[in-house]
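Asks: Mind folding the following:
(one chain, ligands or ions: 1)
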Amino acid sequence: MAVCTAGAVDLKDLDAQPLTAKVEQVEADMSAIQKQGYDHFLLKEIMEQPTTLRSTLNGRVIPAENRAQLGGLNLTADELRDIEHVVIIGCGTSYYAGMLASYYLEQLVDGLTVDVEIASELRYRSFNLPKNSVALVLSQSGETADTLACLREVRRRGVKTLGVINAVGSTIAREVDGGVYVHAGPEISVASTKAFTSQVAALTIFGVQLAQAKGTSAQLLNQYIEELAALPDEIEHVLKNQKDSIQQVAEKYATYEHALFLGRDTLYPVAMEGALKLKEISYIQAEGYAGGELKHGPLALVDDRFFEVMLLQNDWLFEKSVSNLAEINARGGHVVAITNSHKQIDAEAVIRIDTKLERLSPIVLNVVQQLFAYYIAAARGNDVDQPRNLAKSVTVE
Ligand code: M6R
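Replies: This next block holds a predicted model:
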């Protein structure tokens, strides 16, 4: 029991015996929990990503020294070099952030095995963790019950756990062996946006650090370091110049009841995250699929009640995604293409972003999807910050 008076907090246990507690000061910026003129916290949180991402990167990405590193991992240089297997654990958007980052870790660290696990599944499986594993535990709130249960199980097996957490002082942050705060600031809206961006960035820094320890080629590392450093400006550019045009496109699709998101490679987790964002705030039934799976089932869904979001990246898989798009067009689909390519794309609507990023452009495309989902949900008159049936922290199963 805490009896709060103007000048004191008096703590007692259930037998009314006085308790002493260690007081920790949590730095809180009151403006961070106000809407600051935006209609919804969600829009405010999407728009503040350049700033929150700069906080994630601050002091951790130093392009002038070709260096990126996270403090607080509590791993020796030898322990870092010896890592052969990484398991990334999370739920919902944190899981998709981990999935996107897993592609970057695989690209950065030759020979590294990366598994990404949904916490509610992993905790009931008889899983194995090979020697020289570390577990990266992802959570915005740091309180998600399933993620916490996995953390405890992995620790019980003697595997090092590293947290990638937003909420300072949260349970997961206190129980991990080491790790980092992503410093995205309070996320009020139930739909997670800025935490995703900062989690992917923090995991990518971890990948660079691991790659540096293992001696990956400097050229690849420098490309990642430069792109990480440029990411806040690139997102800012898109938010500043394309917010209104994204709104115009989104509002045309606000009356549909079904949507399919498709992407290949790094855009596959982005497609799933786009579908999650849309469904939870708009209540449009949405699914995210790997582009290559189209002919294995989802193509049957294409009709006039559906729209499709096709994510296309200007890379070696561009033509493959264009073929998927053509298959949908041939069946009379309604495709919104979201791309960083300047090539001709035949779709009902095309949202092109202007970015110099190559490796990290999926993070920018995801920001476009966040705005797209927000404007659809707002046009439908939904309570976008507090969607029905959902809670911000899922502290029970
Ligand atoms: O706090 P956490 O990151 O552990 O939360 C995980 C999920 O509950 C969360 O990402 C949820 O899926 C969001 N509502 C997605 O926007």
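
Asks: which one is residue 324 nearest to, not counting chain neighbours?
Replies: With sequence-adjacent residues excluded and distances taken as Cβ to Cβ, 6 or more residues apart in numbering, residue 324 is closest to residue 291, at 4.7 Å. (C-beta placed from N, C-alpha, C; glycine too.)

Asks: Can you show me the CA trace of the helix or strand hosting residue 164 as CSV?
Replies: Of the helices and strands defined by DSSP states H and E, residue 164 is found in strand 160-165. Backbone C-alpha positions of strand 160-165 (Å, rounded to 0.1, in the frame of the first residue of the first chain) are rendered in CSV as follows:
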residue,chain,number,x,y,z
LYS,A,160,23.1,-15.0,-22.4
THR,A,161,20.1,-12.7,-22.9
LEU,A,162,20.2,-9.2,-24.3
GLY,A,163,17.2,-6.9,-24.2
VAL,A,164,16.3,-4.4,-26.9
ILE,A,165,13.7,-2.5,-25.0
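
Asks: In the stretch 51-200 of the chain, which residue sits closest to the ligand?
Replies: As assessed by Cβ to the nearest ligand atom, the ligand sits closest to residue 92 within the stretch 51-200 of the chain, at 1.9 Å.

Asks: how near is residue 296 to residue 285?
Replies: Computed as Cβ to Cβ, to the nearest Å, the residue 296 to residue 285 distance reads 19 Å.

Asks: actually residue 185, sorry about that
Replies: From residue 185 across to residue 285, the span is 32 Å (Cβ to Cβ).

Asks: higher neighbour count, the two?
Replies: Each of residue 185 and residue 285 has its neighbours counted (other Cβ atoms under 10 Å); residue 185 has more, 21 against 14.

Asks: OK, contacts around the more buried one?
Replies: By Cβ atoms under 8 Å, 6 or more residues apart in numbering, the contact list for residue 185 reads 29, 32, 48, 52, 55, 166, 194.

Asks: give me the element it is part of.
Replies: Counting by DSSP H and E, residue 185 is part of no helix or strand.

Asks: Please apply the same query to the one 5 residues further on.
Replies: Here residue 190, judged by DSSP H and E, is contained in no helix and no strand.

Asks: can you give me phi and psi for it?
Replies: Recorded main-chain torsions at residue 190 are phi -60, psi -40, according to degrees, to the nearest 10.

Asks: wait, residue 223 sits on residue 357?
Replies: No. Taking Cβ atoms under 8 Å as the definition, residue 223 is not a contact partner of residue 357, at 9.9 Å.

Asks: Could you check which of the two has the larger neighbour count?
Replies: Counted by other Cβ under 10 Å, residue 223 and residue 357 do not tie: residue 357 has more neighbours, with 20 against 15.

Asks: Tell me the pLDDT of that one.
Replies: If you check residue 357, the pLDDT there is 97.

Asks: is it fair to say it lies in a strand?
Replies: No. Per DSSP: H, G, I helix; E, B strand; the rest coil, residue 357 lies outside any strand segment and is coil.

Asks: what about the spatially closest residue to residue 110 that is not a sequence neighbour, neighbour count?
Replies: Nearest residue to residue 110, sequence neighbours excluded (Cβ to Cβ, 6+ apart): residue 216, at 6.6 Å. When neighbours are defined as other Cβ under 10 Å, residue 216 has 19 of them.

Asks: Let me know the secondary structure of residue 216.
Replies: coil.

Asks: isn't it right next to residue 109, touching?
Replies: Yes. Between residue 216 and residue 109 there is a contact at 6.4 Å, judged by Cβ under 8 Å.

Asks: picking up where we left off before, might one say that the residue nearest to residue 324 is in contact with residue 262?
Replies: Yes. With contact defined as Cβ under 8 Å, residue 291 reaches residue 262; the gap is 4.7 Å.

Asks: Need the residues touching each of these two.
Replies: Common neighbours of residue 291 and residue 262 (Cβ under 8 Å, 6+ apart) are 271, 310, 321, 324.

Asks: From those residues, which land in strands?
Replies: Mapping the shared contacts of residue 291 and residue 262 onto strands (DSSP state E) picks out residue 310.

Asks: Give me the subset of the shared contacts of residue 291 and residue 262 that lies in helices.
Replies: 271, 321, 324 (DSSP state H).

Asks: top of those residues by neighbour count?
Replies: Within those, neighbour counts (other Cβ under 10 Å) peak at residue 271, which reaches 29 neighbours.

Asks: so that one makes contact with residue 309?
Replies: Yes. Using Cβ under 8 Å, residue 271 is in contact with residue 309, at 7.3 Å.

Asks: Identify the contacts common to the two.
Replies: Counting by Cβ under 8 Å, 6+ apart, the contacts common to residue 271 and residue 309 are 261-262.
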